[in-house]
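Participant: Just the structure for this:
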Amino acid sequence: LRNDVTFSDGTPLTATAVKDTFDDIVAAGAKSGSASSFVGYKDTTVVDDHTVRVDFSKPNAAFPQATTSVGLGIVSPATTQTLYDSRADGKAVVGTGPFTLASYTKNVSTVLKKRTGYAWGPASLGNSGAAHLDTVTFQIVPEASVRTGGLESQQFDAIGSVQPTDVAALTSAGLSLVDRGNPGVSFGLSFNLGHSITADIAVRQAIAEAVDKQQVRDTALNDLFNVGTSVLAKNTPGWVDESAHFGYDQAGAKKLLDDDGWTVGSDGIRTKNGQRLSLSLIWITNFGPNKTSLELIQQQLKAVGIEVTLTGSTVPEFLAAQTAGTWDIQWGNLSRADGDVLRTTFSAATSKYNIADADLENLLQAQLAAGDAAKRTAIIGQIQDRIATQYYQVPVHELTSIIGTQTAVHGVTLGADSRLDSLVGAWKASS
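Facilitator: So this is what the prediction gives:
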């Protein structure tokens, strides 16, 4: 550890603080949201004030990247000594960053205040000293149209989650965009193999061939978003192109279903042994284009005789439905700048997909245990091959994060996970 870093309460960043943070996360378990990063975690040892050693009972090659994520941010002793459930308002969370928390009002706003004395910003962000901005206010504005209108009317300096449909209007108005593709699992269709219809690989392959990914991207999004080529997005370390398995072939999809014994009924929907080819699909309403994408996919699947019922909901409602297991298909993505996202998504120990595939499970665990980077990359490629050939997931499009800013705003960047960086290098020109 550097020997010149302090927390905002003035206490020094030491190896003890690192140990206490990691032990705190492990003790919190599911409450922390980062438990999956500590697979095989044994303990953390304080070697001296500025040296810490983390030991595992089995290899965890994804842990170094995980330490760069928000969930593993090092916090001060004052924070770890506060009960985990008492930190919800953020006031007890003390870090080493360029800002401190001035106020937090749930579902309304968060205000950050410049920290004086900060002097260890990453050189890559163009400022290793104190932040240029005195304060940063994050306002919660759920409606995309209100965000866009507020940027156009100069009510906001910057907005997040710019919708694809608003990109042209913002650029035409002379406003600036910051965009970056999200690494991790692409937006796509994942299947519940605990249900008889979706457990049938012929049905899953037919769905893959019936979905025109290019049409979905072009209709619901724009060319800032990549068409899906694999379960992983292109800028994820270890990505391989699996698009040969996901070509659009409506006639091929119909033949697969014909050969599998699904016959077309009078209403155009197929049946087999008295069972209707009707599937339920759940999705989260937190990304505007989801609805347009899924309604188009619903039409494309109906064209080959597959009926799909769409159920969109909030994140808590989605998670409850996911756990209940009453769904057949799930639509979504997961951003992370490491191929271990495949393990946390598809491993039998953590997923809701009911995949009983020893070959896949062995590969998922092998990549985590591979200390050699080249070997690990090769295994991550094999995992993508296995998921593609078994059609456990049908990639449709990748996610791109888009921020809109006033032309006077500079230095706003997206990090490796395509989330907003620390803003230590951000500044605003005077009008």
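Participant: quick check: domain ranges of this protein?
Facilitator: Here the domain parsing of the chain from automatic domain parsing is 1-95, 97-181+401-431, 184-398.
Participant: For the longest one, what does the pLDDT average out to?
Facilitator: Mean pLDDT, computed over domain 184-398, is 97.
Participant: same question, the second one
Facilitator: Confidence over domain 97-181+401-431 (mean pLDDT, whole number) is 94.
Participant: rewinding a little: what would the domains of the chain look like in JSON lines with mean neighbour count?
Facilitator: To be clear about C-beta, it is placed using only N, CA and C from the backbone, and glycine gets the same treatment. Below are these laid out as JSON lines (neighbours: other Cβ atoms under 10 Å):
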{"stretch": "domain 1-95", "mean neighbour count": "16"}
{"stretch": "domain 97-181+401-431", "mean neighbour count": "16"}
{"stretch": "domain 184-398", "mean neighbour count": "19"}
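Participant: Please, which helix or strand holds the residue of the chain positioned farthest from its centre?
Facilitator: What lies farthest from the middle of the chain is residue 266; by Cα atoms, centre = their mean that is 41.5 Å. Using DSSP states H and E, residue 266 falls within no helix or strand.
Participant: Angles on the backbone of the closest residue to residue 12 other than its chain neighbours, please.
Facilitator: Closest residue to residue 12 apart from its sequence neighbours, by Cβ to Cβ, 6 or more residues apart in numbering: residue 6 at 5.3 Å. Note on residue 6: backbone dihedrals following degrees, to the nearest 10 are phi -130, psi 160.
Participant: mind checking how far residue 6 is from residue 352?
Facilitator: Separation of residue 6 from residue 352 (Cβ to Cβ, to the nearest Å): 43 Å.
Participant: cool, residue 263 as well?
Facilitator: Shown here: residue 263 relative to residue 352, a distance of 31 Å by Cβ to Cβ.
Participant: same thing with residue 189?
Facilitator: 14 Å.
Participant: swap in residue 177?
Facilitator: Using Cβ to Cβ, residue 177 is found at 35 Å from residue 352.
Participant: Would you mind measuring from the residue farthest from the centre of the chain to residue 342?
Facilitator: Taken as Cβ to Cβ, the span from residue 266 to residue 342 is 42 Å.
Participant: Quick test: name the residue nearest the centre of this structure.
Facilitator: residue 335 (2.3 Å).
Participant: Pairing partners for that residue in the sheet, please.
Facilitator: Under the criterion DSSP bridges, residue 335 forms beta bridges with residue 184.
Participant: Give the full set of residues in contact with it.
Facilitator: 182-185, 399, 417-419 (Cβ atoms under 8 Å, 6 or more residues apart in numbering).
Participant: Show me the helices in this structure, by range?
Facilitator: 15-28, 63-66, 77-80, 144-152, 167-172, 201-210, 213-220, 250-259, 289-302, 315-324, 341-346, 358-369, 373-390 (DSSP state H).
Participant: how much space is there between residue 311 and residue 353?
Facilitator: Separation of residue 311 from residue 353 (Cβ to Cβ) stands at 17 Å.
Participant: measure the closest residue to residue 92 other than its chain neighbours to residue 24 for me?
Facilitator: Nearest residue to residue 92 in three dimensions, chain neighbours excluded: residue 82, at 4.2 Å (Cβ to Cβ, 6+ apart). Relative to residue 24, residue 82 is positioned 10 Å away (criterion: Cβ to Cβ).
Participant: Please identify which pair of the contacts of residue 335 lies farthest apart.
Facilitator: Farthest-apart pair in the contacts of residue 335 is 185 and 419; separation 15.3 Å (Cβ to Cβ).
Participant: Residue 427 contacts residue 132, doesn't it?
Facilitator: Yes: applying Cβ atoms under 8 Å as the test, residue 427 and residue 132 come out as touching, 3.9 Å apart.
Participant: who touches both of those two?
Facilitator: Common neighbours of residue 427 and residue 132, counting by Cβ under 8 Å, 6+ apart, are residue 411.
Participant: which ones are touching residue 407?
Facilitator: Residue 407 touches 174-176, counting by Cβ under 8 Å, 6+ apart.
Participant: just residue 289 next, same as before
Facilitator: So residue 289 contacts 163-165, 220-221 (Cβ under 8 Å, 6+ apart).
Participant: which among the residues you listed gets closest to residue 285?
Facilitator: residue 163 (13.2 Å).
Participant: how close does the closest one get to residue 153?
Facilitator: 17 Å.
Participant: Also residue 359?
Facilitator: In terms of Cβ to Cβ, residue 359 sits 56 Å off from residue 153.
Participant: Would you mind putting the CA coordinates of stretch 308-320 into PDB?
Facilitator: The C-alpha coordinates for stretch 308-320 follow below in PDB (Å, rounded to 0.1, in the frame of the first residue of the first chain):
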ATOM      1  CA  VAL A 308     -44.300 -15.800 -25.400                       C
ATOM      2  CA  THR A 309     -45.900 -13.900 -22.500                       C
ATOM      3  CA  LEU A 310     -43.900 -10.900 -21.400                       C
ATOM      4  CA  THR A 311     -43.800  -9.800 -17.700                       C
ATOM      5  CA  GLY A 312     -41.800  -6.700 -16.900                       C
ATOM      6  CA  SER A 313     -41.200  -5.600 -13.400                       C
ATOM      7  CA  THR A 314     -39.000  -3.700 -11.000                       C
ATOM      8  CA  VAL A 315     -35.700  -5.200  -9.700                       C
ATOM      9  CA  PRO A 316     -37.200  -6.500  -6.400                       C
ATOM     10  CA  GLU A 317     -40.200  -8.000  -8.200                       C
ATOM     11  CA  PHE A 318     -37.900  -9.600 -10.900                       C
ATOM     12  CA  LEU A 319     -35.700 -11.200  -8.200                       C
ATOM     13  CA  ALA A 320     -38.700 -12.600  -6.400                       C
END
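Participant: got the helices of the chain as a markdown table, with distance to residue 87 columns?
Facilitator: Output for the helices of the chain, formatted as a markdown table (distance: least, Cβ to Cβ, whole Å):
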| stretch | distance to residue 87 |
| --- | --- |
| helix 15-28 | 10 |
| helix 63-66 | 20 |
| helix 77-80 | 7 |
| helix 144-152 | 29 |
| helix 167-172 | 36 |
| helix 201-210 | 42 |
| helix 213-220 | 38 |
| helix 250-259 | 50 |
| helix 289-302 | 31 |
| helix 315-324 | 20 |
| helix 341-346 | 24 |
| helix 358-369 | 29 |
| helix 373-390 | 34 |
